[in-house]
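Peer 1: What follows is a protein structure lacking sequence information:
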């Protein structure tokens, strides 16, 4: 089931801070250097990129130092520093967790146009952290952040339209926002858009397009996408049938700890469809999935018929796996 995600990605803040610092540096450099300046030094002699001291401290895990450095700039109206303070207070990193203060800093940064702060504030309205829950305000914040191409905001806004929460339910608009987030490389949006094409929700049903989006998400490590893509490859639905590729995707998801994928690859290894027949490995994955609570009557009957030595080997492998 698709759920809103809450990702305070400091890397996004870094992009904002570095870009701002580089723009400032570029402006001052342009004003100081005449048009007939000497040839610039080669790339290997250029100074390192400017990194905000507060973020540098935060990245190294020096949260109290980061807080102090960010506070100084935040009080001067620096939006990225205000966003960083909100992040530290929300997560309780080196300081006492305080949702209300986090919301205050995010609100200030959002008023200055910082998209990450708008997204963060939207999630706080969605969850009622530090503010009264208000999905309409959450949708507004996501929409504002989404105007800058903020993929997480676009994805969460799509979910609100899909579920009709805070906004009127409009599946077509949800699909449009999912597409924007998916094109920005958002794995969950890519998977959700694939599902929309797979089911014909808000878009014309198209299994081939669904498979393309599933594959994009699968290559980013999204397990649900890997399983759905594997099923399509195994059946030849929307794509050319390729049971070997299907087995590889099931195995990748199984190794990531997904019981469904573990059960699926167990069947393929037990029968030799798409992969080499290997009863011990098949038994290992069957027992691993079973330990996670997933029962499969066919696999249980198959495993019961194995020789005792293969059962024992499979059991030992399943016990030592993770």
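Peer 2: Cool, got the structure. Note that the coordinates shown come from a computational prediction; the quantities given were computed from them, not determined experimentally.

Peer 1: leaving aside the residues next to it on the chain, what's closest to residue 243?
Peer 2: Of all residues not flanking residue 243 in the chain, residue 274 sits nearest, at 3.2 Å (Cβ to Cβ, 6 or more residues apart in numbering). For glycine as for every other residue, the C-beta is placed from the backbone atoms N, C-alpha and C.

Peer 1: how about that neighbour, phi and psi?
Peer 2: phi 80, psi -10 (degrees, to the nearest 10).

Peer 1: Burial check on it, number of neighbours?
Peer 2: Counted by other Cβ atoms under 10 Å, the residues lying close to residue 274 total 22.

Peer 1: wait, residue 84 sits on residue 55?
Peer 2: Yes. At 6.6 Å, residue 84 counts as touching residue 55 under the criterion of Cβ atoms under 8 Å.

Peer 1: Just want to know which of these two has more residues nearby.
Peer 2: The residue with more neighbours, out of residue 84 and residue 55, is residue 84; 33 against 22, by other Cβ under 10 Å.

Peer 1: measure the more buried one to residue 57 for me?
Peer 2: Here residue 84 is placed at a distance of 10 Å from residue 57 (Cβ to Cβ, to the nearest Å).

Peer 1: what do these two both touch?
Peer 2: Counting by Cβ atoms under 8 Å, 6 or more residues apart in numbering, the shared contacts of residue 84 and residue 57 are residue 66.

Peer 1: Can you tell me what sits against the host helix or strand of residue 190?
Peer 2: Residue 190 is part of helix 187-199, with elements assigned from DSSP states H and E. By Cβ under 8 Å, 6+ apart, the residues outside helix 187-199 that reach it are 2, 5, 151, 154-155, 158, 171, 174-175, 178-179, 181-182, 201-207, 209-214, 216-217, 220-222, 224-225, 228.

Peer 1: Restricted to helices, list those.
Peer 2: Here DSSP state H is the test, and the contacts of helix 187-199 give 151, 154-155, 158, 171, 174-175, 178-179, 181-182, 207, 209-214, 216-217, 224-225, 228 as lying in helices.
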